[in-house]
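In: Just to be clear, the model below is a prediction. Sequence and coordinates:
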Amino acid sequence: AVAGVQRLRAYDPGHDLVALRRRFGAHALVELGSNENPYGPSADARAAILDQLHALHRYPDPRGGDLKRALSARHGVAPERLLLGNGSHELLMLLAQVFAGPGSEVAFSRYGFAVFAIAAQASGAVPRVVEPLPRDAAMPLGHDLEAIARAITPATRLVYLANPNNPTGTWYPGDAFQVFMRRVPEDVLVVVDEAYAELADPAVWSSALPLVACHPNLVVTRTFSKGYGLAGLRVGYLAGAPGLVAVLERVRESFNVNGPALAACEAALGDEAHLRWVAERNAEQRSMLARALRERGLFVFPSQTNFLLVELGPETARIEAALLEQGVVLRPMGGYGLPGCSRITVGTAEENRRLLRTLDDVLGGRR
Ligand code: PMP
């Protein structure tokens, strides 16, 4: 396990955002590097936090019962199938810690979410990186479910998928996933990370949540960080078989989700209109931004998320640095093994205008 951890590369947030905010002023900085929700949470969630201020000296509900009941009602999943976490990041780590470990293999796609490799290695497991779909496929560099199924060996304990995936933005169809699940042995746990679920268009994307009831070896993770705009509170959840959830409940920290966070997420779930509004704004700005970038001759990966992976080519580092000088933050992709690409979060209309204006200056009017 120690050898695995020594090879491990820490999660890279891209830039020192605290220093950048100090330099530019938080309001002048256009932060398009972390796939955050630029609109923020529901006003009901903010009010729920204020309402918790009188109880800060108390420990929170260790079971998160109210939030679980609200999630159960929203998803039609029994509360005993739900586990709450300090962000879905914590849950992704916990799953490897409990179900993988030394002597086992953990499979995931190259360019899959960065935490998959960290979780596998931190647990002492051997990561099995599966080649993605080719760059000229309909889902360029997306998960190749057939190749992932073929990569499963008797040592495989866990498979991570992200749908839609970060940093590619790509997704796979629901029927292909059902075929995949039929091919996976029952002693291999399949974890589907659906962090961007609320921002995906149900006409083209489908969730694995309804399948959890038919597959005891399937876990789906979700988060309040993206669609709900609560990244700062750190709340995620997973749905899985009751027995599996019971094991994880015993291993997790007893108060892993704090009181204001529990209350805010419950309130956020109650404000469906805000979530719908965010998803609509995001989809509209995403297609506007993708179109504008393509008009500038750039290759833009398909996305059902709140970000776009864009090929800026051999000049990527220079372009990113020049944008940063103007207070526009993108996420460099060198650490992901995608050095000619940059990941751009879809901002508000105003932020996206500023991005495009600055990009035009930097590219020298190349259109
Ligand atoms: N999964 C994916 C695919 C993500 O992009 C992110 C956030 N960048 C996470 C999980 C983690 O989100 P959180 O820990 O905030 O729930």
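Out: Structure received. Numbers count the residues shown, from 1 in each chain.

In: can you give me the strands for the stretch 201-350 of the chain?
Out: For the stretch 201-350 of the chain, the strands defined by DSSP state E, counting those that start in this stretch occupy 218-223, 236-239, 299-300, 307-311, 328-329, 331-332, 341-345.

In: Relative to residue 175, which of those strands is closest?
Out: strand 218-223 (15.6 Å; C-beta to C-beta). Quick note: C-beta positions are derived from backbone N, CA and C, even for glycine.

In: Following the worst-scoring helix or strand of the chain on mean pLDDT in sequence, what is the next regular element?
Out: Ranked by mean pLDDT, DSSP states H and E, the weakest helix or strand in the chain is helix 2-6, scoring a mean of 65. Sequence-wise, the next helix or strand downstream of helix 2-6 (DSSP states H and E) is helix 17-24.

In: buried ones in that following helix?
Out: Buried residues in helix 17-24, counted by 16 or more other C-beta atoms under 10 Å: 20, 24.

In: Looking at it now, give me its mean pLDDT.
Out: Mean per-residue pLDDT for helix 17-24: 89.

In: List phi and psi for the residue nearest the centre of the chain.
Out: For the chain, the residue nearest the mean C-alpha position is residue 195 (4.0 Å; C-alpha atoms, centre = their mean). For residue 195, the backbone dihedrals are phi -60, psi -30 (criterion: degrees, to the nearest 10).

In: Tell me who's in contact with the residue found closest to it once you drop the neighbours it is linked to in the chain.
Out: Leaving aside its sequence neighbours, residue 195 sits nearest to residue 223 (C-beta to C-beta, 6 or more residues apart in numbering; 4.8 Å). Contact analysis of residue 223 by C-beta atoms under 8 Å, 6 or more residues apart in numbering lists 87-88, 195, 235-237.

In: any idea of the pLDDT on the residue nearest to the centre of the chain?
Out: For residue 195, the predicted pLDDT is 98.

In: How about the contacts made by it?
Out: Taking C-beta under 8 Å, 6+ apart as the test, what residue 195 contacts is 88, 113, 162, 166, 221-223, 225-226, 236.

In: Contacting the ligand as well, which ones from those residues?
Out: 88, 113, 162, 166, 223, 225, 236 (C-beta under 6 Å from any ligand atom).

In: separation between the residue of the chain found nearest the ligand and residue 234?
Out: Nearest residue of the chain to the ligand (C-beta to the nearest ligand atom) works out as residue 87 at 2.8 Å. Noted for residue 87: a distance of 4 Å to residue 234, by C-beta to C-beta, to the nearest Å.

In: what do you get for residue 131?
Out: 33 Å.

In: neighbour count winner among the two?
Out: Of the pair residue 131 and residue 234, residue 234 is the one with more neighbours under other C-beta atoms under 10 Å, namely 19 against 13.

In: contacting residues around the closest residue to residue 237 other than its chain neighbours?
Out: Excluding its sequence neighbours, the residue lying closest to residue 237 (C-beta to C-beta, 6+ apart) is residue 84, at 5.1 Å. Neighbouring residues of residue 84 by C-beta under 8 Å, 6+ apart: 64, 67-68, 235-237, 256-257, 262.

In: Make a markdown table out of those residues and add neighbour count and distance to residue 269.
Out: A markdown table is the format used below for those (neighbours: other C-beta atoms under 10 Å; distance: C-beta to C-beta, whole Å):
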| residue | neighbour count | distance to residue 269 |
| --- | --- | --- |
| 64 | 26 | 12 |
| 67 | 26 | 8 |
| 68 | 22 | 11 |
| 235 | 27 | 11 |
| 236 | 23 | 14 |
| 237 | 23 | 11 |
| 256 | 20 | 19 |
| 257 | 26 | 14 |
| 262 | 24 | 11 |
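
In: Give me the subset of those residues that lies in helices.
Out: Cross-referencing the contacts of residue 84 against helices under DSSP state H gives 67-68, 262.

In: Poorly predicted segments of the protein, please.
Out: Counting by pLDDT under 70, the chain contains low-confidence ranges at 1-5, 365-367.

In: Specify the residue ranges that define each domain of it.
Out: For the chain, automatic domain parsing gives the domain ranges 2-41+273-363, 43-271.

In: of all the strands of the stretch 201-350 of the chain, which lies closest to residue 40?
Out: strand 341-345 (14.0 Å).

In: okay, now the residue nearest to residue 289 when sequence neighbours are not counted: neighbour count?
Out: Once flanking residues are discounted, residue 289 sits nearest to residue 352: 5.1 Å by C-beta to C-beta, 6+ apart. Using other C-beta under 10 Å, residue 352 has 22 other residues around it.

In: Quick check: residue 352 is in a helix.
Out: Yes - with DSSP: H, G, I helix; E, B strand; the rest coil as the criterion, residue 352 is located in a helix.
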